[in-house]
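>>> let's see this in three dimensions:
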Amino acid sequence: MGKKRVLIADDDPDVLEVLKAILEHEGLDVRTARDGEQAFKLLRKASFDAVILDVVMPKVTGIKLLQMMRRSSKFRDTPAMLLTGNLVETKRLEDEGTTKLADDFLTKPFNTRDLIKRVKALVRTGPTAPQQGPSRIVPSARK
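Modelled structure (predicted):
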């Protein structure tokens, strides 16, 4: 079986670089996108075992992309993590229940070990892997 594939979408090139380096070091095949529009194009071209989406991005936000994914039969079961550094935005998303679209939710700055543990849990439960009881932080409303 090949490497697990992860797509990361974030408009901050430094965050992309750090996330990519961490996850590649863990043996994952990582692709990156600078905005939600680019991420959606990559999703349509290849399959991914998990996606990590920054909440606030230009063109298509991480929330909008996640909503599009959940409406699509092709992407609806792809595990997704939302990532944000904005605590006000985090509270708003939690209050309106938007975080329930995601399988996990992580705030920046994050602990590297925690990130690795959470991403590994996501890829284990990915659409191409057998379901092994996910260790999800935010309950999924999709089931």
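>>> residues near Ala46, how many?
By other Cβ atoms under 10 Å, the residues close to Ala46 number 10. C-beta here means a position set from N, CA and C on the backbone, and glycine is covered the same way.
>>> quick one, what contacts it?
With contact taken as Cβ atoms under 8 Å, 6 or more residues apart in numbering, Ala46 is in contact with 5, 31.
>>> Met81 in helix, strand or coil?
Three-state assignment for Met81 (DSSP: H, G, I helix; E, B strand; the rest coil): strand.
>>> cool, Lys120 as well?
Assigned by three-state DSSP, the conformation of Lys120 is helix.
>>> setting aside sequence neighbours, what's the nearest residue to it?
Spatially, and ignoring its direct neighbours in sequence, Lys120 is nearest to Glu26 (7.1 Å; Cβ to Cβ, 6 or more residues apart in numbering).
>>> which of the helices or strands spans the residue nearest to the spatial centre of the chain?
Note on the chain: the residue nearest the mean C-alpha position is Ile52, at 2.1 Å, using Cα atoms, centre = their mean. Counting by DSSP states H and E, the element that carries Ile52 is strand 50-54.
>>> could you tell me the angle between the very next helix or strand once past that strand and strand 50-54?
Following the chain from strand 50-54 toward its C-terminal end, the next helix or strand by DSSP H and E is helix 62-71. When axes from the mean of the first three to the mean of the last three Cα atoms, to 10 degrees is applied, the directions of helix 62-71 and strand 50-54 differ by 150 degrees.
>>> quick check: mean pLDDT across helix 62-71?
Mean per-residue pLDDT for helix 62-71: 93.
>>> contacts only, for the closest residue to Asp12 other than its chain neighbours.
With Cβ to Cβ, 6+ apart as the measure, Asp54 is the residue that lies nearest to Asp12, at 7.3 Å, once sequence neighbours are left out. Asp54 is in contact with 9-12, 15, 62, 82-84, counting by Cβ under 8 Å, 6+ apart.
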